[in-house]
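**Q** build the 3D model from these lines:
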Amino acid sequence: MPYMAWPPRLVMTDSTAVALADFSSTWRPEELKSERTQQAALRRAREGIPELHRLLDEAVTALRVSLAVVVENFPLDTTALVIAAAALGRVDPSYNGPNPDSLVHDVVDSEARPYRDPDPFHTDSPLLAHPHAYLGLLCVRPSPAGDGQTVLVSAADVAAAIADRSHLRALQDPCYPFAVPHEPGSDEPSVTTHPILTMSGGGATVRYCPVRVTAGVERAGQALDEEHVSALRAFERALESQHLPTVFLLRAGELLLLDNRRLLHGRTDVGPEGVGRHLMRVKVHDREYEKAMARNS
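**A** The predicted structure follows:
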């Protein structure tokens, strides 16, 4: 595979990977539910493994500058993943798979679905008032066929590909319906509304899930007007621009950290040979989220 300048890559040494795995074995997963214990474990890991301390600082800096970073040779260990992700903030189980208490969700291509269509561009946790700031995707086992490749595109590049400025203005209106899954005991699945793109001095941020938006438009009591439908279509066309995405294969032991507010992600299709492809996922709230929650409590 040819060298890619983006996302930037860092390499964890063998000795650091072994030391982190050994350290992680002294913690039980249930001990890491709270931010306090996550930060305590992280602090001890940094103190005991100086090379890990340096690597995590470099990874955090690269993520903030480049919006994504890949760490190679990461141990295939759930506790190690939580401890390292805690360098970004609080690892949170919300909207991270069917188990409500799971900090790490196993994304496995099942034999029950031997062929999976491409996963279109989206951001995670779009139904939360404050979506998770960061995602971590650790590849345990890639598809032997080389399919199921990761696809990334920045919100800023998508915005730049939308020629009509009125569409950009309309995409910032908090009127786009996102369907909320049906809750037991409720008559109708509800709909929550948000902007798709937000432009500010800090750049472009995005909140989008095609399945949720399509269902939301269908369920919304009052349909989007022509202006906002046109803007949504312009956004969707920009996502289809072939020159925008970065596509690459995550290999075993490669940890992708990405900014879930400024990047959309997806993957290419997974064929029959890709059964058993396995990623581990974590979701992280940043410090600003924690500060906002503290002010509102």
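
**Q** show me the domain layout of the protein.
**A** The chain breaks down by automatic domain parsing into domains covering 9-147+250-258+271-296, 162-239.

**Q** identify the bridge partners of Tyr176.
**A** His194 (DSSP bridges).

**Q** gap between it and Leu224?
**A** Distance of Tyr176 to Leu224, given as C-beta to C-beta, to the nearest Å: 7 Å. C-betas here are computed from N, CA, C, even on glycine.

**Q** more neighbours, the two?
**A** Per other C-beta atoms under 10 Å, whichever of Tyr176 and Leu224 has more neighbours is Tyr176, with 27 against 20.

**Q** who touches both of Tyr176 and Leu224?
**A** Common contacts of Tyr176 and Leu224 (C-beta atoms under 8 Å, 6 or more residues apart in numbering): Leu232.

**Q** so which bits of the stretch of helix or strand Gln39 belongs to are buried?
**A** Counting by DSSP states H and E, the element that carries Gln39 is helix 35-48. Along helix 35-48, these residues count as buried under the neighbour rule (16 or more other C-beta atoms under 10 Å): 38-42, 45-46.

**Q** which of the domains of the chain has the lowest mean pLDDT?
**A** Note on the domains of the chain: domain 162-239 shows the lowest mean pLDDT, a mean of 89.

**Q** compute the first-to-last residue distance for it.
**A** With C-alpha to C-alpha, to the nearest Å as the measure, the ends of domain 162-239 fall 10 Å from one another.

**Q** please apply the same query to stretch 245-255.
**A** Chord length of stretch 245-255, first to last residue, is 19 Å (C-alpha to C-alpha).

**Q** now stretch 190-206
**A** 21 Å.

**Q** sorry, back to before: between the buried residues of helix 35-48, which is nearest Asp164?
**A** Comparing the buried residues of helix 35-48 against Asp164 with C-beta to C-beta places Gln38 closest, at 44.4 Å.

**Q** separation between that closest one and Glu288?
**A** For Gln38, the distance to Glu288 equals 17 Å [C-beta to C-beta].

**Q** then Arg90?
**A** Relative to Glu288, Arg90 is positioned 11 Å away (C-beta to C-beta).

**Q** the more surrounded of these two?
**A** Arg90 (21 against 11).

**Q** the more buried one and Val284 touch, don't they?
**A** Yes. Counting by C-beta atoms under 8 Å, Val284 is a contact partner of Arg90 at 6.6 Å.

**Q** centroid residue for the chain?
**A** With distances taken as C-alpha atoms, centre = their mean, the residue of the chain nearest its centroid is Leu135 (3.6 Å).

**Q** who are the contact partners of Val91?
**A** Val91 is in contact with 32, 38, 82, 85, 103, 282-284, counting by C-beta under 8 Å, 6+ apart.

**Q** no wait, Leu264
**A** Counting by C-beta under 8 Å, 6+ apart, Leu264 touches 121-123, 152-155, 158, 206, 208, 239.

**Q** quick one: it is in a strand?
**A** Yes. Looking at Leu264 with DSSP: H, G, I helix; E, B strand; the rest coil, it is inside a strand.

**Q** that one and Thr16, how far apart?
**A** From Leu264 to Thr16 the distance is 31 Å (C-beta to C-beta).

**Q** and Glu240, by the same measure?
**A** When distance is defined by C-beta to C-beta, Glu240 is 41 Å away from Thr16.

**Q** so for those two, which residue has more residues nearby?
**A** Neighbour tally, Glu240 and Thr16, criterion other C-beta under 10 Å: the higher count belongs to Thr16, 20 against 11.
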